[in-house]
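Q: any chance you can model this:
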Amino acid sequence: MANGQTRTKRPDWVAQGGQYEYRVLRIPAETSRNDARRMLTEQAELGRWELSRTLLFAGGERKVWLRRKIIRVRSTLAETSG
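A: A predicted model of the protein is given here:
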């Protein structure tokens, strides 16, 4: 996003209380890139997590933030008229 552009959130989703939950993972320096990629792919496919942020430290350790949407389900029982 160049030239001072900012990413805007979907106003309808935010207005309905849209939020994310986060998971922070520390991946040791001894872990290969392929193993780290495989682990993150499993998290994404099975747990519906998406990559939010990564940090690579000088020693080779990685810190990874994963996020997923919190889906709140409203009860429809009170809305039925009968």
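
Q: when you work out contacts or count neighbours from here on, use the C-alpha atoms and nothing else.
A: Will do.

Q: how about the strands in the protein?
A: Counting by DSSP state E, the chain has strands at residues 19-27, 50-56, 62-70.

Q: export those strands to CSV and tack on mean neighbour count?
A: Shown next, in CSV, are these (neighbours: other CA atoms under 10 Å):
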stretch, mean neighbour count
strand 19-27, 13
strand 50-56, 14
strand 62-70, 16
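
Q: show me the one of those that comes nearest residue 36.
A: Comparing the strands of the chain against residue 36 with CA to CA, the closest turns out to be strand 19-27 (7.2 Å).

Q: what pairs with the closest one, parallel or antiparallel?
A: strand 62-70 (antiparallel) (DSSP bridges).

Q: quick one: the strands of the chain as CSV, columns for distance to residue 43 and mean pLDDT too.
A: Formatted as CSV, those follow (distance: least, CA to CA, whole Å; pLDDT from 0 to 100):
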stretch, distance to residue 43, mean pLDDT
strand 19-27, 10, 93
strand 50-56, 8, 94
strand 62-70, 9, 93
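
Q: so which of these comes closest to residue 35?
A: For the strands of the chain, distance to residue 35 was read as CA to CA. The smallest value, 9.8 Å, belongs to strand 19-27.

Q: what angle do that closest one and strand 50-56 make?
A: Between strand 19-27 and strand 50-56, the angle comes out at 40 degrees (axes from the mean of the first three to the mean of the last three CA atoms, to 10 degrees).

Q: hmm, who's touching strand 19-27?
A: If you take CA atoms under 8 Å, 6 or more residues apart in numbering as the criterion, strand 19-27 is touched by 36, 61, 62, 63, 64, 65, 66, 67, 68, 69, 70.

Q: at 6 Å instead, please
A: 61, 62, 63, 64, 65, 66, 67, 68, 69, 70 (CA atoms under 6 Å, 6 or more residues apart in numbering).

Q: out of the residues you listed, the closest to residue 47 would be?
A: Among the contacts of strand 19-27, and counting by CA to CA, the member closest to residue 47 is residue 68, at 8.6 Å.
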